[in-house]
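> Provided below are the primary sequence and the corresponding predicted coordinates.
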Amino acid sequence: MLVLSHKIQIKKPTFKQEQYFRQACGTSRFAYNWGLVEWKKQYQAGKKPTARAVRTAFNAIKQVDFPWVFNVTKCAAEQAFIDLGTAFKRFFRHIGGYPHFKKKGTHDSFYLSNDQFKISGNRVRIPKLGWIKLTESLIFYGNILSATVSRVAKKWFISISVQMETAPFKKSENQ
């Protein structure tokens, strides 16, 4: 099995689409930063924090304290806690440094699981937003795993991960 990603530019998003993308990125960043603070609180209280425990604490209060997280896909906040857990695993294995807070405008992105979007030709459907035009169609065929919407400079992109049975092309013997 082979997993490949195809990064495609989103064709001139409307104001509403851009607003949704920014809000989803902000929700993801907020959840990660909130989770980092909660992780530290749990650790200082003598507990052994986990990504699941932090996510559970967030889910218990989000309806009252952070109702705006429901304006975007649920994956935006959920994946942030998974990413935080991965960052701490890397830290404890001495692969990476201690996780730090995410800043607005730096690597803005949000995640979509495969059940949260649909692709048809050069369009993608995102929940609570609708169909969005892309500059090209997906070039890989196989089981779609996930997508990440990100902003680079002033352009928006979607990177779609696809699990394939075989490589899409073979190298020639001369290369």
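Okay, I see it. What you see is a predicted model, and the numbers here were worked out from it, not measured in a lab.

> for the chain, which residue is closest to the average position?
Centroid-nearest residue in the chain, with Cα atoms, centre = their mean: residue 111, separated by 2.0 Å.

> what about the strands in this structure?
Along the chain, counting by DSSP state E, strands occupy 2-9, 109-113, 118-120, 123-126, 130-133, 143-152, 155-164.

> Against residue 109, how distant is the residue lying closest to the residue nearest to the centre of the chain once chain neighbours are set aside?
Distances taken as Cβ to Cβ, 6 or more residues apart in numbering put residue 79 closest to residue 111, at 3.7 Å, once the chain neighbours are dropped. C-beta here means a position set from N, CA and C on the backbone, and glycine is covered the same way. Counting by Cβ to Cβ, to the nearest Å, the separation of residue 79 from residue 109 is 10 Å.

> show me what contacts the closest residue to residue 164 other than its chain neighbours?
Using Cβ to Cβ, 6+ apart and skipping residues adjacent in sequence, the residue nearest residue 164 is residue 142, 3.9 Å away. The contact partners of residue 142, taken as Cβ atoms under 8 Å, 6 or more residues apart in numbering, are 162-165.

> Where is pLDDT lowest across those residues?
Lowest in pLDDT among the contacts of residue 142 is residue 165, which has 81.

> Quick check: that one touching residue 140?
No: between residue 165 and residue 140 there is no contact under Cβ atoms under 8 Å: 11.1 Å.

> These two - which one has more neighbours?
It is residue 140, of residue 165 and residue 140, that has more neighbours when counted by other Cβ atoms under 10 Å, with 16 against 9.

> any idea how far residue 2 is from the more buried one?
In terms of Cβ to Cβ, residue 140 sits 9 Å off from residue 2.

> outside of stretch 29-47, which residues touch it?
48-49, 51, 53-55, 57-58, 66, 69, 76-78, 80-81, 83-84, 88, 99-104, 108.

> Could you identify the buried members of the residues you listed?
49, 51, 53-55, 57-58, 69, 76-78, 80-81, 83-84, 88, 99, 102, 108 (16 or more other Cβ atoms under 10 Å).

> Please enumerate the helices of this protein.
Using DSSP state H, the helices of the chain run over 15-44, 51-65, 75-92.

> which one of these lies closest to residue 156?
helix 15-44 (5.7 Å; Cβ to Cβ).

> what inclination does that closest one have with respect to strand 143-152?
Helix 15-44 runs at 100 degrees relative to strand 143-152, counting by axes from the mean of the first three to the mean of the last three Cα atoms, to 10 degrees.
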